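Asks: Got a sequence here, can you build the structure:
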Amino acid sequence: MSKYISVRISILLFVLFDYSCLAQKSINEVKITEFKNPVYNNDFPDPAIIRTSDNTFYAYATNGKYLNGEYGNIRILKSKDLINWIECPDALPVKAKWANKTDSYWAPFVIYANRKYYLYFSAEQNDKSGMGIGVAISDNPLGPFNPEDKPIVYGKSFENIDPTVYIDSTTNKVYLYWGSGFKPIKVQEMDGNLLTLKEGSKPQDIIFTSSKNYEILVEGPWIIHKNNYYYMFYSGDNCCGDKAHYAVLIARSKSPTGPFVTISEDTGCADNSILVENDYWLAPGHNSIIQDDNNDYWILYHAINRSKKAPIGEDKYTARELLIDKLIWESNGWPKKMTPSHFKTVVPYVR
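Replies: From the prediction side, this is the model:
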C-alpha cells in the first residue's frame, strides 16, 4: 500500500469517527432535570474540561480505550449539558517525537488562547528516564492536535506530570503548574506564545507534601479565581490500584504564584481534603472545575466504583469513571467538604 493511500485511509477513518461524534449530537439536546453519577461509566481518568464559544463542553483524559473499543492517546468526550457525553476521536493521534515509543500519555489540559487550542500532556520520554510535559496545537477542540518537537519540562521518574496552564486576567501573565513524584507542586511563568517557559523565570514550589492525610504525594493542580482569591484544587496520595487512597484538596492565595494557605491552616480542620471517598465511590480526585450558566461551580473528577472489581484473583479495581458534583461554598469562602453523590440530583443549569 502506498504512503498516499495509507494517509487517505487514515484521514477517512478519522472523518468517519468524527462524524459519528457529531451525528449523535441530538442525545445532548434531550433536556433532563436530574442525573445520577457516573456521567460516563468507563475508565476516563484525570479529566480536564473546556467550554467553547458554541456552548459545547469537551472533556479530555489520560490514554486508554473508549467504550467502543477504540484506543486514544488523549481521549475526548463532548457534551451540551455536562451530563450526557459522546465519545470522539483521539485528540492526539500522532505522538510527540520525544515520546513516540510509549503509550503513557497522561493528564491532559486544554486552553484556548491566541485563536488556537493548546493541549498540554504528560508523557514518558523515549529514553525511559522519566516523564515530561509537552504541548500540541489545533484549530479545533476535537483536534487533531499537532505536538511540538520538544517537551516544555522533563526529568527523572514522574516528577513532571499533570500540567495546568493559567492566564491571569489581571496581568495577562501565563503560568504553568505541574508536579508529582512525591515532590511539591510547582509554578513557572510562560511566554505569551504558551509554548515555552519565560526566559529568566524559575520554578517555584507552592504546594508541599506533608504527613497529613492524603499528602504524602500531591498532584493534579487546577486553578480558579473567585472573590479575589486564587483557589488551587489538587489531589493527593494514591490514585489507583489495590491501595487506592485519593482525595481532592484545596489551598488559596491572593496571587497565582502564592504563598498558598491551605484550608486546614486557615480553619483548623484536620486535613486539607474537600472531596473524599464513601461507601459507593473510592479514591475521588484529579479534578477540573467548570461554571454553569447560573454561576454555580461544578467539580468534574474520576472515582472508582466499589462495586466493580476485576475478575477473581486480580485484586484491582477496573476503572476510574467520570463523575460530576456541585460545589457548595461556605460563608468562610471555602467549599464545603463532600463525598461523591450516589443518588439523583439536579443537573447543572446550561442554557
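Asks: check contacts around residue 122.
Replies: Residue 122 makes contact with 104-107, 131-134, 158, 160-163, according to CB atoms under 8 Å, 6 or more residues apart in numbering. Heads up, the C-betas are built off the backbone N, CA and C, glycines and all.
Asks: pLDDT added to the residues you listed, as TSV?
Replies: Formatted as TSV, the contacts of residue 122 follow (pLDDT from 0 to 100):
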residue	pLDDT
104	97
105	98
106	98
107	98
131	98
132	98
133	98
134	98
158	96
160	98
161	98
162	98
163	98
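Asks: what bits of this protein have low per-residue confidence?
Replies: 1-20, 22-30, 309-317 (pLDDT under 70).
Asks: could you pull out the helices for the stretch 251-351 of the chain?
Replies: For the stretch 251-351 of the chain, applying DSSP state H, counting those that start in this stretch gives helices covering 263-267.
Asks: Which parts of it are strands?
Replies: 261-262, 273-275, 281-291, 297-305, 321-326, 345-346 (DSSP state E, counting those that start in this stretch).
Asks: re earlier: quick one: which of the contacts of residue 122 is nearest to residue 249?
Replies: Within the contacts of residue 122, proximity to residue 249 (CB to CB) peaks at residue 162, which comes in at 13.4 Å.
Asks: Pretty sure the closest one sits in a strand.
Replies: No: remark: residue 162 does not belong to a strand; assigned using DSSP: H, G, I helix; E, B strand; the rest coil, it is coil.
Asks: Is it in contact with residue 217, as I believe?
Replies: No: using CB atoms under 8 Å, residue 162 is not in contact with residue 217, being 10.9 Å away.
Asks: list residues touching both of these two?
Replies: Both residue 162 and residue 217 are in contact with residue 180, where contact means CB under 8 Å, 6+ apart.
Asks: coming back round to it: redo the strands of the stretch 251-351 of the chain as JSON lines? Include mean neighbour count and distance to residue 249.
Replies: What follows is those, written out as JSON lines (neighbours: other CB atoms under 10 Å; distance: least, CB to CB, whole Å):
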{"stretch": "strand 261-262", "mean neighbour count": "18", "distance to residue 249": "7"}
{"stretch": "strand 273-275", "mean neighbour count": "24", "distance to residue 249": "5"}
{"stretch": "strand 281-291", "mean neighbour count": "23", "distance to residue 249": "9"}
{"stretch": "strand 297-305", "mean neighbour count": "24", "distance to residue 249": "12"}
{"stretch": "strand 321-326", "mean neighbour count": "22", "distance to residue 249": "16"}
{"stretch": "strand 345-346", "mean neighbour count": "12", "distance to residue 249": "23"}
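Asks: on that earlier part again, which one of residue 162 and residue 217 is surrounded by more residues?
Replies: Taking other CB atoms under 10 Å, residue 162 and residue 217 do not tie; residue 162 has more neighbours (29 against 18).
Asks: Contact partners for the more buried one?
Replies: Residues in contact with residue 162 (CB under 8 Å, 6+ apart) are 46, 106, 107, 122, 178, 179, 180, 219, 220, 221, 286.
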